[in-house]
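Asks: could you look at this predicted model? Sequence included:
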Amino acid sequence: MTEHPDRPHYTEGDVQREVTELEGKSATAARIFDLRRIIGGLFVVYGVIVTIAGITDSQSAIDKAQGVNINLWTGIGMLLLGVFFLAWLKLRPTPPPLPPEGSEEGPGVVER
């Protein structure tokens, strides 16, 4: 087999290093875009907005809801749910990816 002059020649170490870098980037992206972070953050933001609306509700708005300050209670519920998701993310973070099948090396280990 002849080497093509326009293509660079990659050694086994170069390929392994590239694979390790891509696995690291993939794990970082998985942690950044974890749904628990997105859902928790949105519930906290909307919970704050709805809670403020509930605190500032007039008596006529409360009377429309049969005497229940529904915005306040919904906002508090949303805040609690958002904090639950964020605490869950903090207590059980996304695990690092497993090494490929048949590989005796752990993630991030490069032969030299």
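Replies: Now that the structure is in, tell me what you want to look at.
Asks: and the gap between residue 19 and residue 9?
Replies: Distance of residue 19 to residue 9, computed by CB to CB, to the nearest Å: 17 Å. (C-beta placed from N, C-alpha, C; glycine too.)
Asks: more neighbours: the two, which one.
Replies: The neighbour comparison of residue 19 against residue 9 (other CB atoms under 10 Å) goes to residue 19, with 13 against 7.
Asks: pLDDT below threshold where in the chain?
Replies: 1-8, 23-32, 96-112 (pLDDT under 70).
Asks: tell me the secondary structure at residue 57.
Replies: coil (DSSP: H, G, I helix; E, B strand; the rest coil).
Asks: distance of it from residue 44?
Replies: From residue 57 across to residue 44, the span is 20 Å (CB to CB).
Asks: how about residue 75?
Replies: Using CB to CB, residue 75 is found at 11 Å from residue 44.
Asks: more neighbours: these two, which one.
Replies: Applying other CB under 10 Å to residue 75 and residue 44 shows that residue 75 carries more neighbours, namely 21 against 18.
Asks: list the buried residues of the helix or strand that residue 60 is a member of.
Replies: In this assignment (DSSP states H and E), residue 60 forms part of helix 59-64. For helix 59-64, a neighbour-count test (16 or more other CB atoms under 10 Å) marks residue 62 as buried.
Asks: now the element after it, going C-ward?
Replies: Counting by DSSP H and E, the next helix or strand C-terminal to helix 59-64 is helix 70-91.
Asks: that next one packs against which elements?
Replies: Judged by 3 or more CB pairs under 8 Å, 6 or more residues apart in numbering; DSSP states H and E, the packing partners of helix 70-91 are helix 35-55.
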